[in-house]
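Chemist: okay, sequence plus prediction incoming.
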Amino acid sequence: MQLQENLDKFEQAGISVFAISYDSVEAQADFAEKFGITYSLLSDVNSDAIEATGILNVQAVPEKSVGPGLAASEQTILKVTPFNTEKVEANLGSSFYGIPYPGSYLIGTDGRVIEKLFYRHYRTRPSAETVLRSGFGVDFEVHDNPSAESSGKGVNIRATLGSKSMTYMEASLLYVEIDLADGLHLYGSPVPDGYIATTVTVTGPESVEVGPARYPETRPFEVTGLDESFQVFDGALEIAVPVYYVQEDFEHLLRRSHFLASDLEEPSAGVVRQLIAHAEATRPPPDTSVELDVSVKYQACTTDACLIPQEQSFKMDIPIVRVQVNDSTRPKD
Amino acid sequence: MFNRNNQLDVLGAQTAEEVDHPTGPDVGERMPDITLPDQTGTLVNIEETRGDRRALVVFHRSLVW
């Protein structure tokens, strides 16, 4: 979540930050030193807090190894990209027991939860900047975030990413702001036949998943001389589109593979190590950026007349940052 | 201009029903009382430490693997 990078913004907004995991104090200290973490890393070795919070992962149960390979397990897990799901067999070893379903809680001044963030896929997490902005309503200037603009007649469009870059499985929002000249409005759904509703479409390469766009509220509007009623936007509107970079960093994948291989017995372990060596030798260079195509379709109207439907398209270059990875060491047994 | 407008659900965060597993206290409820050692070995109580400020509490699977 790149919390440390954005810690100053949390502190300025008067928000305390706590991270909890079942790792030992030593492991937390090691991590803190390696990555310069100054916020609280709390060690829940017995998973007491995890359990008290009600998010102990009860599917990650201890199993004894039976013969070569991992323990046979009836458990299935959901293998997901953010918007697709399939069930696959899980082979979770005993070292996984005690983990939580990962997620975050935003706590208000009165100590009550104001928002909680859990995702289908355990790897997904929100970007720190979007938590600050969309979660805590902290407004801060964004000078460095990737953005692009496009102007049409009376309609100015600006798209800004809610974070400086994208990282594997980090949920970010692409904010598309549309500023309308006085007297102009755009149609929103539902729209009568023959009229164009404002639609934002974001596309990218295979490594990027795009979620459904979220539109703000419209207001009802009557057009002189027409029977139909319309839902419109006017003034300025902001549409948010979730985007995720879903191509796993090869280094990260290799580290995880090494870790998983260490849980296997021979000859499986040897086979996996050979596969890893091959992958290491043939891996593609990591993305340093991706290009997103943003397209906005709309029809602008005044109270008396409508302009012809328009489509404004532009591209955005988004830097890709690699996931911070701790060295592979075995978790507690 | 970044409207709040309940955009967290746009991040793909799903409700408890949608994620198929429990997700702990709901909006409006309190977290349990949590006291745990931090990376220096010092015991930290979340409520006491945050005082009357807002807080972000993140549960990781592991920092190690």
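Modeler: Yes, it's here. Numbering: from 1, shown residues only, chains lettered A, B, ... in the order given.

Chemist: can you map out the strands along the stretch 201-333 of chain A?
Modeler: Under the criterion DSSP state E, counting those that start in this stretch, the stretch 201-333 of chain A contains strands at A:208-210, A:219-222, A:229-234, A:236-245, A:289-298, A:300-301, A:310-319.

Chemist: I'd like those strands laid out as TSV, including mean neighbour count.
Modeler: Heads up, the C-betas are built off the backbone N, CA and C, glycines and all. Converted to TSV, the strands of the stretch 201-333 of chain A look like this (neighbours: other C-beta atoms under 10 Å in any protein chain shown):
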stretch	mean neighbour count
strand A:208-210	19
strand A:219-222	12
strand A:229-234	18
strand A:236-245	23
strand A:289-298	18
strand A:300-301	22
strand A:310-319	15
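
Chemist: looking at the ones you listed, which is closest to chain B?
Modeler: With respect to chain B, and counting by C-beta to the nearest C-beta, the nearest of the strands of the stretch 201-333 of chain A is strand A:236-245 at 4.7 Å.

Chemist: can the closest one be said to contact chain B?
Modeler: Yes. Shown here: strand A:236-245 in contact with chain B (C-beta under 8 Å from any C-beta of the partner chain) through A:236, A:238, A:240-242, A:244.

Chemist: need those in CSV (columns: pLDDT).
Modeler: Below are the residues of strand A:236-245 next to chain B laid out as CSV (pLDDT from 0 to 100):
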residue, pLDDT
A:Ala236, 85
A:Glu238, 87
A:Ala240, 86
A:Val241, 89
A:Pro242, 86
A:Tyr244, 86
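
Chemist: of those, closest to A:Glu177?
Modeler: Nearest to A:Glu177 out of the residues of strand A:236-245 next to chain B is A:Glu238 (C-beta to C-beta; 5.0 Å).

Chemist: just checking, the closest one touches A:Asp179?
Modeler: No. In this structure, A:Glu238 is not within contact of A:Asp179 by C-beta atoms under 8 Å, at 9.9 Å.

Chemist: care to break chain A down by domain?
Modeler: A:1-57+A:98-140, A:64-94, A:147-245+A:286-319 (automatic domain parsing).

Chemist: looking at those domains, which one has the lowest mean pLDDT?
Modeler: Within the domains of chain A, confidence is poorest for domain A:64-94, with a mean of 42 (mean pLDDT).

Chemist: what's the closest of the strands of the stretch 201-333 of chain A to A:Tyr101?
Modeler: strand A:236-245 (18.8 Å).

Chemist: ok, now which ones touch A:Val113?
Modeler: A:105-107, B:25-31 (C-beta atoms under 8 Å, 6 or more residues apart in numbering or on different chains).

Chemist: now list the buried members of these.
Modeler: A:105-107, B:25, B:31 (16 or more other C-beta atoms under 10 Å in any protein chain shown).

Chemist: out of those residues, which comes closest to A:Ala279?
Modeler: A:Tyr105 (37.4 Å).

Chemist: partners of the closest one in the sheet?
Modeler: A:Lys116, B:Val57 (DSSP bridges).

Chemist: looks like it contacts B:Arg50 (just checking).
Modeler: No. Applying C-beta under 8 Å, one finds A:Tyr105 not in contact with B:Arg50, separated by 11.7 Å.

Chemist: stretch B:48-55: end-to-end distance?
Modeler: 11 Å (C-alpha to C-alpha, to the nearest Å).

Chemist: and it, is it in reach of chain A?
Modeler: Yes. Using C-beta under 8 Å from any C-beta, stretch B:48-55 reaches chain A at B:49-50, B:52-55.

Chemist: restricted to helices, list those.
Modeler: B:49-50 (DSSP state H).

Chemist: the chain: helices as residue ranges?
Modeler: With no chain named, the answer covers chain A. A:7-12, A:25-35, A:48-53, A:128-130, A:250-261, A:268-282.

Chemist: right idea, wrong chain: chain B
Modeler: B:16-19, B:46-50.
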